[in-house]
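>>> Structure for the following, please:
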Amino acid sequence: MKLYDRYGLPALFVSRFLPAVRSLVPPLAGAMKLPPLPVALAVSSASGIWFAFITWIAFRAGSDWDVLYAQIVKSSKLLGGGVTVLIVLVAIFLYVRYRRKKP
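Residues are numbered from 1 along each chain as shown. Now for the predicted structure:
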């Protein structure tokens, strides 16, 4: 209750944008016996903004799918190459360390 007293409804509004916290906000607000109407307004307005943003991102991804797909393929190849190099370097490091410890 101290956090709500300190930060109020803006904290509830902002917390709806935090992935790990967003699902806990309404039940905890109810458990803290916060006033239902202001909490509902804060939570629903933040949720509306969040889902509008997600819908916009999905729309943009669908309309530019060819460009997005090409970018994903390019990024995947770069990431795969980087991970491969990292694995080889770690294997070399472990091999050298093992050879040095061997009597």
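>>> so what are the domain limits for this structure?
Here the domain assignment for the chain is 1-63, 65-103, based on automatic domain parsing.
>>> measure stretch 17-26 end to end?
Start-to-end span of stretch 17-26 (C-alpha to C-alpha, to the nearest Å) is 13 Å.
>>> before we move on, what SS does the residue minimising distance to the centre of the chain have?
The chain has residue 19 as the residue nearest its centroid, 5.8 Å off, counting by C-alpha atoms, centre = their mean. What DSSP: H, G, I helix; E, B strand; the rest coil gives for residue 19 is coil.
>>> Ramachandran angles for it?
The phi and psi values for residue 19, taken as degrees, to the nearest 10, are phi -50, psi -40.
>>> which helix of the protein spans the most residues?
Longest helix of the chain, by residue count under DSSP state H: helix 65-101.
>>> What is it packed up against?
Contacts defined by 3 or more C-beta pairs under 8 Å, 6 or more residues apart in numbering; DSSP states H and E place helix 65-101 against no helix or strand at all. C-beta here means a position set from N, CA and C on the backbone, and glycine is covered the same way.
>>> please redo it, this time with the cut-off set to 10 Å
Helices and strands touching helix 65-101, by 3 or more C-beta pairs under 10 Å, 6 or more residues apart in numbering; DSSP states H and E, are helix 36-63.
>>> Now do the helix it packs on against helix 65-101, angle only.
Relative orientation of helix 36-63 versus helix 65-101 (axes from the mean of the first three to the mean of the last three C-alpha atoms, to 10 degrees): 90 degrees.
>>> Quick one: find the helix or strand in the protein with the lowest mean pLDDT.
Using mean pLDDT, DSSP states H and E, helix 2-7 stands out as the lowest-scoring helix or strand of the chain, at a mean of 73.
>>> Noted, bye for now.
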